[in-house]
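[1] have a look at this fold, sequence not included:
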């Protein structure tokens, strides 16, 4: 790591997304696509630069201190973007990895293979390639009779023969820093696009007799760059499958992966069962031996403790559900702390929003919340207390341990026996 720095290219306009949000901030499985690339860069390098241009302020705010931000003043192509970092690389003698902020599917294992190929060949530059059935619109990898990479030819500049090549450039590279800077200085503007192409550096360095190497992805989908909403959906599906497979490998049962949606960063304990048509969003932690779904929505900042159950057509948001508690039918719990061994009956709602603020609900251990109860937050339900079916517990109410409350509005009628 001490001799690797990373440059992430994130300056493009992303016009084909047709969005007011910067392209690289669009989420893939709940996480902005650029975050996957930032995490990858930080895993393999000692210092990361991110080149921003279009909507730079939003990107700078999002990136924070995770990378050193460099501005590309005019969007004149990928080589010009790298030139924006040139002053930062003076005196640095290590390797530079170049990544694309709109390619979140690349894995650490594939990037490590690129670095290994680069060092094994003692190359000045190494390109990550992919074999695809339809290479249209991609830059082609041009090899000589010996199979060595000699150039990257963009689609619009490729000959008829070169357009038959199905090995493409993924936009991921590793260069010796000094050779990268020297090669950049020799890149000329492309007359068709009036931009400076980083891909031209391969032919420049090869023409100087330098060693150019390549590593090829086992799964070409890792190189998918997201340019359209269709690409975004495709990347989301691939990432979701990875997430589900990882959970299943770690002892979580996913009854129907085709209808289960789990965001990046979710944590689930072993022997938990996720039933069909469930959606589990980011920043959720689910314990061991739980049951979730079917048709369940678990929203961010939710914690479901060991042996708890959240059943069909239930939604839980920004809440904690204690161990062995049950919330099995047609319920909504939001901004609540639910203790151990609590029963949340069918149709229960925590009315957490008063039009201005999200208010809290507290339900202590062993309480029984009867079907169709409405808890108008803020409320507190004591340990082993009971709400009758259809009860409305009004705002600010505090039900003590063992009390029973019924009616609309709720009135306390007795204490439970044998507490």
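    Okay, I see it. Please read these numbers as outputs of a predicted model, since none were measured by experiment.
[2] return the residues in contact with the residue nearest to residue 365 when sequence neighbours are not counted.
    Leaving aside its sequence neighbours, residue 365 sits nearest to residue 339 (C-beta to C-beta, 6 or more residues apart in numbering; 3.9 Å). All C-beta spots, glycine's among them, are computed from the backbone N, C-alpha and C. By C-beta atoms under 8 Å, 6 or more residues apart in numbering, residue 339 lies in contact with 322, 325, 363, 364, 365, 366, 367, 383.
[3] per-residue confidence for the second one?
    So the one you mean is residue 325. We note a pLDDT of 98 for residue 325 in this prediction.
[4] and if you look at the fourth one?
    As summarised for this prediction, residue 364 has a pLDDT of 98.
[5] could you do residue 2 as well?
    Per the predicted model, pLDDT is 46 at residue 2.
[6] top of the contacts of residue 339 by neighbour count?
    When neighbours are counted as other C-beta atoms under 10 Å, the busiest of the contacts of residue 339 turns out to be residue 363, with 31 neighbours.
[7] for the top helix by length along the chain, give me every contacting residue.
    Longest helix of the chain, by residue count under DSSP state H: helix 229-249. When contacts are defined by C-beta under 8 Å, 6+ apart, helix 229-249 is touched by residues 17-18, 26, 28-29, 33, 104-105, 221, 224-226, 254, 257, 260-264, 266, 268, 274.
[8] related to what we said a few turns ago, closest one of the contacts of residue 339 to residue 344?
    Distances from residue 344 to the contacts of residue 339, taken as C-beta to C-beta, are shortest for residue 325 (7.1 Å).
[9] surely that closest one touches residue 340?
    Yes. The pair residue 325 / residue 340 is scored as a contact, 6.4 Å apart, by C-beta atoms under 8 Å.
[10] shared neighbours, those two?
    In contact with both residue 325 and residue 340: residue 305, using C-beta under 8 Å, 6+ apart.
[11] which stretches of the chain have low pLDDT?
    Applying pLDDT under 70 to the chain flags the ranges 1-2, 415-419.
[12] break down it into its helices, ranges please.
    33-44, 56-63, 78-83, 86-89, 108-121, 177-184, 200-207, 229-249.
[13] per-domain residue ranges of the protein.
    4-223, 247-415 (automatic domain parsing).
[14] can I get those domains in JSON lines including distance to residue 237?
    Listed next are these as JSON lines, based on distance: least, C-beta to C-beta, whole Å:
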{"stretch": "domain 4-223", "distance to residue 237": "9"}
{"stretch": "domain 247-415", "distance to residue 237": "10"}
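[15] quick one on the thing from earlier: buried sites along the longest helix of the chain?
    231, 232, 235, 236, 238, 239, 240, 243, 244, 247 (16 or more other C-beta atoms under 10 Å).
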